[in-house]
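Novice: Kindly return the folded structure for what I paste below:
(2 chains)
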Amino acid sequence: AQSVTQLGSHVSVSEGALVLLRCNYSSSVPPYLFWYVQYPNQGLQLLLKYTTGATLVKGINGFEAEFKKSETSFHLTKPSAHMSDAAEYFCAVRLSSGYSTLTFGKGTMLLVSP
Amino acid sequence: KAGVTQTPRYLIKTRGQQVTLSCSPISGHRSVSWYQQTPGQGLQFLFEYFSETQRNKGNFPGRFSGRQFSNSRSEMNVSTLELGDSALYLCASSWTAQETQYFGPGTRLLVL
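Specialist: Below you'll find the model as predicted:
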């Protein structure tokens, strides 16, 4: 079984500031981890994913995330926020072995102010 | 390569009616999953199909059903609509059930 907790339903940053969106997971076996972004009235777009290998994963639009097994975390960061980053972000997990569905966190709305 | 397409994009129905939503996966993808997204419950897994077979089903009543055709296109059906069925229904496709899922734009259903 697996679950995801995203800390903070809303995060506000100023344009140019660091973006940090938190995600903690629970998984009975090594996980595959994902971050998706959803803009208003759109579907989910894959930002990045961790399956195996390097624990620091780089994605699109300047985002990256680090898999920390000891902390069961997969936080999403971006050094400098842009107004266009304002959206809802979802962390998701699935098991790396056997069959499992994709389980999502509740989402974090990122607000970017000028 | 074209992405996942969903039709219709918007739909208004009344309680008691039924509705059918359609999803065309990315070419070559054989797995299709459906999710319901609401403000209160977030993203909830409905079901997943692979090669015309339902592989898994989420915790939804029997009013929710789906199927997949030989060309991998999928439909989901909701019968006897309730107000609480108002939601964004998202379809995602992948090469296999365990590969990365790519989402369509969703169908927004409003039940009056």
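Novice: alpha carbons only for contacts and neighbour counts from here, please
Specialist: Noted.
Novice: Not counting its neighbours along the chain, what's nearest residue 9?
Specialist: Went with chain A since none was named. Spatial nearest neighbour of residue A:9, chain neighbours left out: residue A:108 (4.5 Å); criterion: C-alpha to C-alpha, 6 or more residues apart in numbering or on different chains.
Novice: Oops, wrong one, chain B.
Specialist: residue B:107 (4.4 Å).
Novice: Bridging across strands, which residues link to the one you found?
Specialist: residue B:89 (DSSP bridges).
Novice: Confirm for me that residue B:12 is in contact with residue B:112.
Specialist: Yes: with contact defined as C-alpha atoms under 8 Å, residue B:12 reaches residue B:112; the gap is 7.3 Å.
Novice: These two: which is more packed in?
Specialist: Higher neighbour count among residue B:12 and residue B:112: residue B:112, with 14 against 11, using other C-alpha atoms under 10 Å in any protein chain shown.
Novice: That one: what's it in contact with?
Specialist: B:12-15, B:83 (C-alpha atoms under 8 Å, 6 or more residues apart in numbering or on different chains).
Novice: do the same with residue B:41
Specialist: By C-alpha under 8 Å, 6+ apart, the neighbours of residue B:41 are residue A:106.
Novice: now with 7 Å?
Specialist: If you count contacts by C-alpha atoms under 7 Å, 6 or more residues apart in numbering or on different chains, residue B:41 has none.
Novice: What pLDDT is listed against it?
Specialist: Note on residue B:41: pLDDT of 90.
Novice: Next, it: phi, psi?
Specialist: Dihedral pair for residue B:41: phi -100, psi -10, per degrees, to the nearest 10.
Novice: partners of residue 57 in the sheet?
Specialist: Looking at chain A here, since you left the chain open. residue A:65.
Novice: nope, chain B
Specialist: residue B:47.
Novice: so it makes contact with residue B:47?
Specialist: Yes: with contact defined as C-alpha atoms under 7 Å, residue B:57 reaches residue B:47; the gap is 4.2 Å.
Novice: who has more neighbours, those two?
Specialist: For residue B:57 versus residue B:47, neighbours defined as other C-alpha under 10 Å are more numerous around residue B:47 (24 against 17).
Novice: I'd like to know how many residues surround residue B:24.
Specialist: Residue B:24: 23 neighbours (other C-alpha under 10 Å).
Novice: hmm, back to that, so who does the residue nearest to residue B:9 touch?
Specialist: So residue B:107 contacts B:6-10, B:88-90 (C-alpha under 7 Å, 6+ apart).
Novice: Filter those down to the buried ones.
Specialist: Neighbour counting over the contacts of residue B:107 (16 or more other C-alpha atoms under 10 Å in any protein chain shown) leaves B:6-7, B:9, B:88-90 as the buried ones.
Novice: wait, which of the residues you listed is closest to chain A?
Specialist: Lowest distance from chain A to the buried ones among the contacts of residue B:107 (C-alpha to the nearest C-alpha) belongs to residue B:90, with 6.9 Å.
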